Structure formats: structure tokens, C-alpha cells
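Engineer: with the sequence up front, the predicted model follows.
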Amino acid sequence: MNTKERLQKQLGRLPASLVTKAFRVAKKIPWVRDQIEREYQTMLTSMEAQMRPYSGEFAVFSRLPAAGRDRGEVLAEMAAMQERETSRWRDGYVSGAVYHGDRAHIDFLSQVYALHSQVNPLHSDLWPSAAKYEAEVIAMTASMLGADAASPGPDGADAVCGAVSSGGTESILLAIKSYRDRARAERGIRRPELIIPTTAHAAFEKAAHYFGIKLIKVPVGPDFKADLAATARAITEHTIALVGSAPSFPHGVIDPIEALAELARGNGLGMHVDACLGGFVLPWAERLGYKVPPFDFRVPGVTSLSADTHKYGYAAKGTSVVLYRGRALRRYQYFTTTEWPGGMYFSPTFAGSRPGALSAAAWAAMVAIGEQGYMDATRKILDAAALIRAGVAATPGLRVLGDPLWVIAFAAEEGLDIFRVMEAMSHRRWNLNGLHKPACVHLCVTLRHAEPGVAQRFLSDLRASVDEVRASPSEGGSIAPVYGMAATIPVRGVVSDVLERYMDLLYKA
Ligand SMILES: Cc1ncc(COP(=O)(O)O)c(C=O)c1O
């Protein structure tokens with residue numbers, strides 16, 4: 001163990017709050033701050049080369065070119081970069097990210113985009129087609145997710161309704177903002193609290209951060225599912241909603257939605273189901289005979305749900321659907337103003353102008369694929385995932401976490417560093433997701449992994465990577481220490497600082 005590792009271990013034994021405070025105080029001393037900043041820069045310089053693979057190869061524009069460039073030249077340059085960036089996901093080396101990826105499907109979506117590139121749903125008078133596409137995307141998604149079983153109430157006010165957003169995060173932000181505003185208006189709650197399992201997506205933390213909501217994170221059980229009793233204990237008079245995932249991003253497990261929703265209903269709370277990953281898979285998995293616990297609007301206490309068209313809905317990147325039980329809740333999402341000199345203004349989601357072409361592409365993807373298409377895709381994905389899950393479980397030294405269907409998280413036995421296995425996989429072109437608490441890695445299986453030979457290649461590369469790490473257990477790498485540090489270091493501020501500087505670098509021309 002070197003000095004740094006020893007120090008990290010010793011720091012790990014101290015109470016986290018004490019170390020964090022000490023770090024905050026130390027950072028106020030100028031020479032300490034400079035020293036820390038230099039350390040950050042050293043770490044980031046080593047990452048910069050990876051972030052800038054094109055430097056020196058293509059022209060860099062930090063100001064407008066004096067005269068416009070030739071369109072053909074611009075396109076050729078962009079195509080050259082795309083060509084290099086495509087093969088990794090096309091050949092199935094990437095976890096999640098591209099969910100369909102067949103050339104003919106992508107070409108179809110691109111044609112739809114090209115037809116609608118000027119369309120802005122903010123101007124529904126100019127483009128009524130955009131409103132039609134969005135209304136139908138919402139209706140089709142709702143119907144797929146149990147809306148038909150929900151009672152519509154008098155004049156349909158309680159029917160499931162929704163909105164098209166820019167992605168899973170925006171759908172979640174919109175739902176949580178709606179709960180906050182409803183709790184304020186109807187229950188007078190000024191200090192709102194949201195209860196989530198620790199495994200819920202980071203978007204909920206973002207929502208709490210943006211909207212001044214206190215986030216209560218409840219640890220999950222050994223099966224990585226939300227802990228019902230602990231959730232019940234966390235409810236206070238300030239609670240606005242409960243959250244469950246179907247399935248969760250880290251371990252791909254489905255929370256006990258039915259029980260959580262009953263708990264929410266009994267306490268007069270909202271219940272959001274994050275089906276961003278599962279919304280377009282689970283309904284078909286159920287029809288295919290897989291054991292899918294109830295998670296959608298067939299469960300009476302479920303009051304909102306997010307499902308991503310741009311994941312397993314196989315649309316182009318940039319759309320998701322947020323659904324609500326009843327128009328009254330959706331209205332808390334809306335924004336209107338009648339005072340603006342710019343005229344009567346209303347907008348249902350966070351953005352003002354929006355890319356109507358993406359809503360059109362979501363609609364086109366859904367109607368071109370249809371029920372049979374989604375069912376076939378789900379069958380292929382779940383077959384590939386079953387093969388991968390069994391192969392991982394059979395790899396000595398690795399163990400699958402939870403009971404996943406297609407997001408397969410796995411950890412390593414004591415003495416085998418899972419992040420070094422991930423790194424060894426990245427040397428074999430694989431791009432997997434590193435997770436912590438506990439330290440593990442996951443592969444989110446998509447249609448790319450259902451292509452012939454891909455699952456088998458993943459498993460043979462995984463076995464080779466495990467063997468390689470076992471053969472040289474003490475060798476360091478570039479990614480492993482960062483994940484290792486994030487998993488152990490109590491000074492979370494250091495990790496946040498590094499992430500902020502990483503984002504600064506992304507914006508550097
Ligand atoms: C379960 C879950 N919820 C929410 C999100 C956020 O979606 P997006 O990245 O589209 O904002 C993701 C993304 O992977 C997810 O897996």
C-alpha cells in the first residue's frame with residue numbers, strides 16, 4: 001500500500017462529516033487551495049487527451065469564420081467524426097446509449113427529422129401537426145402503460161394524461177415540480193420533502209436541488225429494492241411524494257411499486273414511477289410471459305410515471321413522456337403568464353421553443369414499429385440478457401447483483417477490483433457503466449447486444465479481463481483509482497470539484 005492509499009484508508013475511518021468540514025476549512029487557506037487546484041489540474045490533464053481526440057486534426061472555431069465554409073466540406077468533416085464514433089456502439093460494445101441502431105431505422109428517423117426541422121410546438125397554430133404527434137405519442141404511451149384500466153372519472157378529468165419532454169430527466173423534473181406546487185397549493189406545504197430509494201436516478205436529486213425540496217434517501221434492502229418499512233418511517237407532514245423505479249438504473253431491479261403506491265395513497269401522497277428505462281420494455285415482457293410485478297397505472301396509487309421514447313421507444317435522442325393520473329395534477333406542470341408585453345404566453349414544459357422534429361420522430365418510430373415490433377425487440381433483448389446474465393454468474397470471481405431482467409450489474413469477490421476489470425474491458429473496446437455503493441459495473445442490454453455473436457463476445461472478453469486483472473492485481477490504471485476514490489473517500493467535495501472542472505473542460509473550445 002502506498003502513502004496515498006494509506007492516507008485514503010485512514011481518512012476513510014474518520015467520520016465523513018468531520019473530514020468534509022476540515023476540507024472545507026483547509027480550502028479557505030490560499031496555499032492549500034493552490035496546492036489542491038494543482039492536483040486537480042494534474043488529474044484533468046491526463047483526461048484531456050481522451051476528451052480531445054480530434055485536436056490538431058480538424059480546424060477549431062473559437063470565433064465565427066470570416067466567410068462561411070463550403071457546405072460539402074462541413075458535412076465531410078462531420079461525417080468523418082461520426083464514422084469514428086459510430087463503430088463502437090454499432091458493433092455492440094456500449095452499455096445502453098443507443099437502443100436500436102439499425103441503419104434502416106436511423107435513416108427513417110433522419111428523413112422524418114429532415115421533414116420537420118423547422119417545426120416548433122410552441123407555435124401550434126403554425127404547426128398543428130406537431131400537437132397531433134405529441135398528443136398521440138402521449139395517448140399511445142399511456143395506453144401501453146395501463147391507462148385504459150384507470151377510471152377516467154366525471155368528464156374524463158381523472159384519465160391518464162401527460163406531456164412530451166426532452167428526456168427522462170426533464171420528465172422527472174416536471175413530475176416533481178408538479179408535486180411540489182400541488183403540495184404548496186392544496187396542503188400549504190412550504191418545506192417540501194421527497195422520499196426516494198437511494199437507487200433512484202440522480203435526476204430526482206437534481207429536481208430537489210433545483211426546486212428547493214428536501215430529499216430523503218432511504219437505503220434499499222439486500223435485494224436492491226426500495227425498503228417499504230423504512231420508507232413508511234421517513235414520511236412526515238412535509239412529504240409530497242414517494243418514488244419507485246421500474247427498473248432502477250444501477251441494478252435494473254423493479255421496486256415494490258404496488259406496496260409503495262398503497263403507502264402513498266394511504267397517506268394522501270403522490271407516487272411517481274420512474275419507468276424511463278422500463279416503460280417500453282416491461283409491458284411487452286409481461287405479454288411474453290416474463291414475471292413483471294404491477295408497476296403502471298393499473299396500480300391505483302400510481303399518480304405519475306416517466307417513460308423514455310428515446311430509449312427503448314427507439315426514437316431519436318431527445319424525447320420522453322411524463323404521464324399523470326388526472327388533468328388536475330398535470331396543470332401544476334404548466335406555466336402561463338398574461339402580464340408579459342410579449343403577449344399571452346403559455347408553455348407546458350421547461351423549454352420555450354422546442355424541437356418539433358423530435359416529437360415527429362417519436363411518433364413515427366412508434367407507429368412504424370407497432371406492438372408486434374416492440375414485442376419482437378423485447379424478446380431479442382431479454383434473450384440476449386438472459387445469456388449474458390447466466391454467463392456473468394458463471395464467471396469465477398463475479399456475482400450478479402439483484403434479480404435483473406436486462407440491466408445486468410455485477411460485482412467482484414474480495415481481492416478482485418471490479419473497476420480494474422471494467423478498465424480491462426475498455427481496453428477491449430467495451431464501454432460499461434461503473435457504479436458504486438456497492439462497487440460494481442453494469443451492462444444495459446439493448447438491441448445492439450442481440451446481434452449475432454455480441455453476447456458471446458462480451459462474455460469471452462469479460463473472462464479474459466478478469467484473468468488479466470487476477471494476473472496483475474496491484475497494477476494501477478487511469479479509471480480505477482477515480483472510481484475507487486469516489487467509493488471510499490469521505491471527502492466528497494474533492495470528487496465534486498473534479499467533476500465540475502471536468503465539465504469546464506468539456507466547454508473548452
Ligand atoms: C431509470 C432512469 N431514470 C431516468 C433516467 C434519465 O434519463 P435521461 O438521461 O434521458 O435524462 C435514466 C437514464 O438512464 C434512467 O435509467
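Structural biologist: That came in fine, so what should we check first? Residues are numbered from 1 along each chain as shown.

Engineer: surely P247 touches V253?
Structural biologist: Yes. The pair P247 and V253 passes the contact test of CB atoms under 8 Å, sitting 5.5 Å apart. No exception for glycine: its C-beta is placed from N, CA and C like everyone else's.

Engineer: looking at those two, which is more packed in?
Structural biologist: Taking P247 and V253 together and counting by other CB atoms under 10 Å, P247 has the greater number of neighbours (27 against 22).

Engineer: next, the more buried one: secondary structure please.
Structural biologist: Assigned with DSSP: H, G, I helix; E, B strand; the rest coil, P247 falls in the coil class.

Engineer: which parts of the stretch 351-500 of the chain are helices?
Structural biologist: Using DSSP state H, counting those that start in this stretch, the helices assigned to the stretch 351-500 of the chain run over residues 356-393, 418-427, 454-471, 480-488, 492-506.

Engineer: then the stretch 101-250 of the chain?
Structural biologist: Secondary structure of the stretch 101-250 of the chain (DSSP H, counting those that start in this stretch): helices located at 103-116, 128-144, 168-187, 202-211, 228-234.

Engineer: what about the residue of the stretch 301-450 of the chain found nearest the ligand, distance to T141?
Structural biologist: Closest approach between the stretch 301-450 of the chain and the ligand, counting by CB to the nearest ligand atom: D308, at 5.5 Å. D308 sits 10 Å away from T141, going by CB to CB, to the nearest Å.

Engineer: in contact with the residue in the stretch 51-200 of the chain positioned nearest to the ligand, which residues?
Structural biologist: Closest to the ligand within the stretch 51-200 of the chain is G168: 2.3 Å, counting by CB to the nearest ligand atom. Listed by CB atoms under 8 Å, 6 or more residues apart in numbering, the contact set of G168 reads H201, A203, D274, C276, S306, D308, K311, S320.

Engineer: so Q41 sits in a helix?
Structural biologist: Yes. Secondary structure assignment (three-state DSSP) places Q41 inside a helix.

Engineer: so what's N431 up against?
Structural biologist: By CB under 8 Å, 6+ apart, the contact set of N431 is R88, Y93, V94, S95, A97.

Engineer: list buried residues within these.
Structural biologist: Of all the contacts of N431 considered here, the ones buried according to neighbour count by 16 or more other CB atoms under 10 Å are R88, Y93, V94, S95.

Engineer: just the residues you listed that are near the ligand?
Structural biologist: The subset of the buried ones among the contacts of N431 within reach of the ligand, counting by CB under 6 Å from any ligand atom, is empty.

Engineer: out of those residues, which are inside helices?
Structural biologist: Cross-referencing the buried ones among the contacts of N431 with the helices (criterion: DSSP state H) gives R88 as the overlap.

Engineer: can I get the buried ones among the contacts of N431 in CSV including pLDDT?
Structural biologist: Rendered in CSV, the data for the buried ones among the contacts of N431 read as follows (pLDDT from 0 to 100):
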residue, pLDDT
R88, 96
Y93, 98
V94, 98
S95, 98
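
Engineer: how about low-confidence regions in the stretch 351-500 of the chain?
Structural biologist: 475-492 (pLDDT under 70).

Engineer: hang on, I meant the stretch 201-350 of the chain
Structural biologist: For the stretch 201-350 of the chain, counting by pLDDT under 70, not a single residue falls below.

Engineer: ok, back up a step: just name the closest of the buried ones among the contacts of N431 to L416, please.
Structural biologist: S95 (20.0 Å; CB to CB).

Engineer: what's that closest one in contact with, if anything?
Structural biologist: Residues touching S95, when contacts are defined by CB under 8 Å, 6+ apart, comprise N431, L432, N433, H442, L443, C444.

Engineer: for it, phi and psi?
Structural biologist: Dihedral pair for S95: phi -80, psi 130, per degrees, to the nearest 10.

Engineer: against A365, how distant is it?
Structural biologist: With CB to CB as the criterion, S95 and A365 are 22 Å apart.

Engineer: SS state for the residue nearest to the residue of the stretch 51-200 of the chain closest to the ligand when sequence neighbours are not counted?
Structural biologist: Of all residues not flanking G168 in the chain, C276 sits nearest, at 3.6 Å (CB to CB, 6 or more residues apart in numbering). C276 falls in the coil class when you classify it by three-state DSSP.

Engineer: any idea how far C276 is from P355?
Structural biologist: Computed as CB to CB, the C276 to P355 distance reads 19 Å.

Engineer: same check on G162?
Structural biologist: G162 sits 18 Å away from P355, going by CB to CB.

Engineer: stretch 234-249 and the ligand in contact?
Structural biologist: Yes. For stretch 234-249, a contact with the ligand is found by CB under 6 Å from any ligand atom, at S245, F249.

Engineer: now that stretch: buried residues?
Structural biologist: Using 16+ other CB under 10 Å as the test for burial, stretch 234-249 gives 234-235, 238-249.

Engineer: what is the distance between that stretch and the centre of its chain?
Structural biologist: Centroid displacement of stretch 234-249 relative to its chain, using CA atoms, centre = their mean, to the nearest Å, is 17 Å.

Engineer: returning to what we had before: residues bridging contact with P247 and V253, i.e. touching both?
Structural biologist: With CB under 8 Å, 6+ apart as the test, P247 and V253 both reach P404.

Engineer: list residues touching both of D308 and T141?
Structural biologist: Overlap between the contact sets of D308 and T141, as judged by CB under 8 Å, 6+ apart, is given by G279, V321.

Engineer: close to the ligand: what parts of the stretch 201-350 of the chain are there?
Structural biologist: Taking CB under 6 Å from any ligand atom as the criterion, the neighbours of the ligand within the stretch 201-350 of the chain are H201, A203, S245, F249, D274, C276, L277, D308, S320.

Engineer: what's near enough to touch the closest residue in space to the third one that isn't next to it in sequence?
Structural biologist: If the residues on either side of it in the chain are set aside, S245 comes closest to D274, at 4.5 Å by CB to CB, 6+ apart. Counting by CB under 8 Å, 6+ apart, D274 makes contact with G168, I172, A200, H201, F204, V243, G244, S245, A246, S248, L305, S306.
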